[in-house]
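Participant: Provided below for reference: sequence and predicted model.
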Amino acid sequence: MAKEFSYEIVEEIGVLSQNSRGWQKELNLVSWNGNPPKFDLRDWAPDHEKMGKGVTLSNDEFEALKKLLLSM
């Protein structure tokens, strides 16, 4: 049985890519189930009604990732 959940895209930060079906890999700030927003990287359908699997990061995890990328 699928567990229901809610989400709100609080801020659309940017699009990394788009596929031929119009789905976009996006970095957004998303509030899941009414919790404080987190950084979220995943594929979204054009209407944001469907989503693919993704990665959600806390502020601390996002800062650590940013430092890793900048050190490359």
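Facilitator: Now that the structure is in, tell me what you want to look at.
Participant: How far away from the center of its chain is stretch 51-65?
Facilitator: The chain centroid and the centroid of stretch 51-65 are separated by 7 Å, computed with Cα atoms, centre = their mean, to the nearest Å.
Participant: May I have the distance across it, first residue to last?
Facilitator: 23 Å (Cα to Cα, to the nearest Å).
Participant: From the rest of the structure, what touches that stretch?
Facilitator: By Cβ atoms under 8 Å, 6 or more residues apart in numbering, the residues outside stretch 51-65 that reach it are 23, 30, 32, 38-45. Any C-beta I mention is one placed from the backbone N, CA and C, and that applies to glycine too.
Participant: can you rerun that using 7 Å?
Facilitator: Applying Cβ atoms under 7 Å, 6 or more residues apart in numbering, the contact partners of stretch 51-65 are 38-44.
Participant: Then stretch 9-16?
Facilitator: 24-31, 37, 48.
Participant: Work out which residue lies at the spatial centre of the protein.
Facilitator: Against the mean C-alpha coordinate of the chain, by Cα atoms, centre = their mean, the closest residue is residue 40 at 2.4 Å.
Participant: Provide the strand pairings for the longest strand along the chain, with the direction of each partner.
Facilitator: Looking across the chain with DSSP state E, the single longest strand is strand 7-18. Paired strands of strand 7-18, with direction, are strand 24-32 (antiparallel) (DSSP bridges).
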